[in-house]
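Trainee: From the sequence below, what's the structure:
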Amino acid sequence: MNRSGGSVVEAVAFYKLPLSDVLVVLDDMDLGLGQLRLRPAGSAGGHNGLKDIIARLGNDDFARLRIGIGTAPGDAAVNHVLGSFSSEEMPAVEAACRRAVEAVECWAQWGIDQAMNRYNQKKDDFTD
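Mentor: Here you go, the predicted model:
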């Protein structure tokens, strides 16, 4: 993920996509486990993969869907991001994946505003 900008640039060029037709899906440690957040554009917010995509595209004007993986304990960010979810976390992860698929389909059919209205959640609003 940290060097995914090259792949995104190649796909955008090959398919001759306007950035309005690009949606990047990524993990986010700043969101609670299973929380979704869609945005039409914006900064990388500290996410290295998103930084690379923005740098290589030379633009941050593309949609992104962040999927919360929860905060890493202490200084264990790398192990948290690359590790496995516990059996206790799996129901929330599976529910988030189902909601993320629905959010992507909504974005593709109805656009970013409708998808944000339907799938962005406050921290206390999501349960499964």
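Trainee: tell me the phi and psi of the residue nearest to Gly42 when sequence neighbours are not counted?
Mentor: Leaving aside its sequence neighbours, Gly42 sits nearest to Asp60 (Cβ to Cβ, 6 or more residues apart in numbering; 6.1 Å). (Each C-beta comes from the backbone N, C-alpha and C, glycine too.) With angles defined as degrees, to the nearest 10, Asp60 sits at phi -110, psi 20.
Trainee: I figured Asp60 was touching Gly45, is that so?
Mentor: No. Assessed by Cβ atoms under 8 Å, Asp60 is found out of contact with Gly45, at 10.4 Å.
Trainee: more crowded one of these two?
Mentor: Neighbours were counted for Asp60 and for Gly45 using other Cβ atoms under 10 Å; Asp60 has more, 17 against 14.
Trainee: Give the full set of residues in contact with the more buried one.
Mentor: Residues in contact with Asp60 (Cβ atoms under 8 Å, 6 or more residues apart in numbering) are 41-44, 54.
Trainee: Please name the bridge partners of the residue lying closest to Ala108 once chain neighbours are set aside.
Mentor: Excluding its sequence neighbours, the residue lying closest to Ala108 (Cβ to Cβ, 6+ apart) is Leu23, at 7.8 Å. According to DSSP bridges, the residues that bridge with Leu23 are Ala63.
Trainee: Counting neighbours, what do you get for Leu23?
Mentor: With other Cβ under 10 Å as criterion, Leu23 counts 17.
Trainee: got it, and Lys16?
Mentor: For Lys16, using other Cβ under 10 Å, the count is 7.
Trainee: gap between the nearest residue to Thr71 once chain neighbours are set aside and Arg66?
Mentor: Spatial nearest neighbour of Thr71, excluding adjacent residues (Cβ to Cβ, 6+ apart): Met29 at 5.7 Å. Distance, Met29 to Arg66, using Cβ to Cβ, to the nearest Å: 10 Å.
Trainee: surely the residue nearest to Thr71 meets Ile69?
Mentor: Yes. Judged on Cβ under 8 Å, Met29 makes contact with Ile69 at a distance of 5.9 Å.
Trainee: which residues of the protein score low on pLDDT?
Mentor: 72-82, 122-128 (pLDDT under 70).
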